[in-house]
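Chemist: below: sequence and its predicted model.
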Amino acid sequence: MQLNLQCFLLTIFLFPLHSKAGRPAEPVYDTEGHELNPGEYYIIPFNCNRGGGLFLSQRNTSLPIFVRQDISQLNNGNSVTVIPVTNSLPAAEQSVRLSSNVRIQFVSCATCLESMAWTIGDPEGTDSRRHVVAGYSKRGYGQSNSQFRIEKNGHGGYRLVFCPKVCKLCRSACENVGVFIEGGKRWLGLGGLPLAIEFKKK
């Protein structure tokens, strides 16, 4: 009897019944309370007074194409798909979860000749600002600059973060995806206050 009790206690010690390490991360939910999957969604501001949805726009005549926020709250922008990077399940069964690497890409764009997947562009201007773009960068697309994460925003909604890995053993240095006003237009880029968002099913 004493031996069985010792075995039972040893089992609990080695294999806790409630292990947080084994639990999957919390799902991301759309505006209707459903779990986010690789379907089509509009990324819109959590606060409806902060502009509209997102779409692709050129800043000049060359590539890449930049991700821009519409100034009108009545415009949902272009729809996107959010695809988990490390999920081995079939696409129809995948669920997007907090703090996991995802790829984001626009679903349709009549004027686009290049990839519509989001990536981080090269530093620009005197402040070396890096914008969210689709098309290409000098380093190419590589996995390190085309993966994002979705996190809870402290004041409601979600926020997008960019967490590149420079090596396998290095810790990611995450940066918020925020909005910068340039030339009277709202462009997505790294740094600044995060853009609080939510996902609206198309």
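Modeler: Yep, that arrived.
Chemist: where along this structure do the helices fall?
Modeler: 2-14 (DSSP state H).
Chemist: now the strands for this structure?
Modeler: 41-45, 54-57, 65-69, 80-84, 102-106, 118-120, 132-134, 148-152, 158-162, 175-182, 185-190, 197-201 (DSSP state E).
Chemist: how about TSV for those strands, with mean neighbour count, distance to residue 27 and mean pLDDT added?
Modeler: Placement of C-beta: from N, CA and C, glycine included. Below are the strands of the chain laid out as TSV (neighbours: other C-beta atoms under 10 Å; distance: least, C-beta to C-beta, whole Å; pLDDT from 0 to 100):
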stretch	mean neighbour count	distance to residue 27	mean pLDDT
strand 41-45	23	14	96
strand 54-57	21	22	92
strand 65-69	24	24	93
strand 80-84	21	11	92
strand 102-106	21	12	92
strand 118-120	25	21	90
strand 132-134	24	24	90
strand 148-152	19	10	95
strand 158-162	21	12	95
strand 175-182	17	20	92
strand 185-190	19	24	94
strand 197-201	19	11	97
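Chemist: now distance to residue 35 too, for the ones you listed, in TSV please.
Modeler: As requested, the strands of the chain are exported to TSV (distance: least, C-beta to C-beta, whole Å):
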stretch	distance to residue 35
strand 41-45	12
strand 54-57	21
strand 65-69	24
strand 80-84	11
strand 102-106	14
strand 118-120	21
strand 132-134	24
strand 148-152	12
strand 158-162	13
strand 175-182	22
strand 185-190	25
strand 197-201	10
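Chemist: residue 26: which of those strands is closest?
Modeler: strand 148-152 (8.4 Å; C-beta to C-beta).
Chemist: how big is the angle separating the closest one from strand 158-162?
Modeler: Orientation of strand 148-152 against strand 158-162 (axes from the mean of the first three to the mean of the last three C-alpha atoms, to 10 degrees) gives an angle of 150 degrees.
Chemist: mind giving me the packing neighbours of strand 148-152?
Modeler: Here strand 148-152 touches strand 102-106, strand 158-162, going by 3 or more C-beta pairs under 8 Å, 6 or more residues apart in numbering; DSSP states H and E.
Chemist: all set, thanks.
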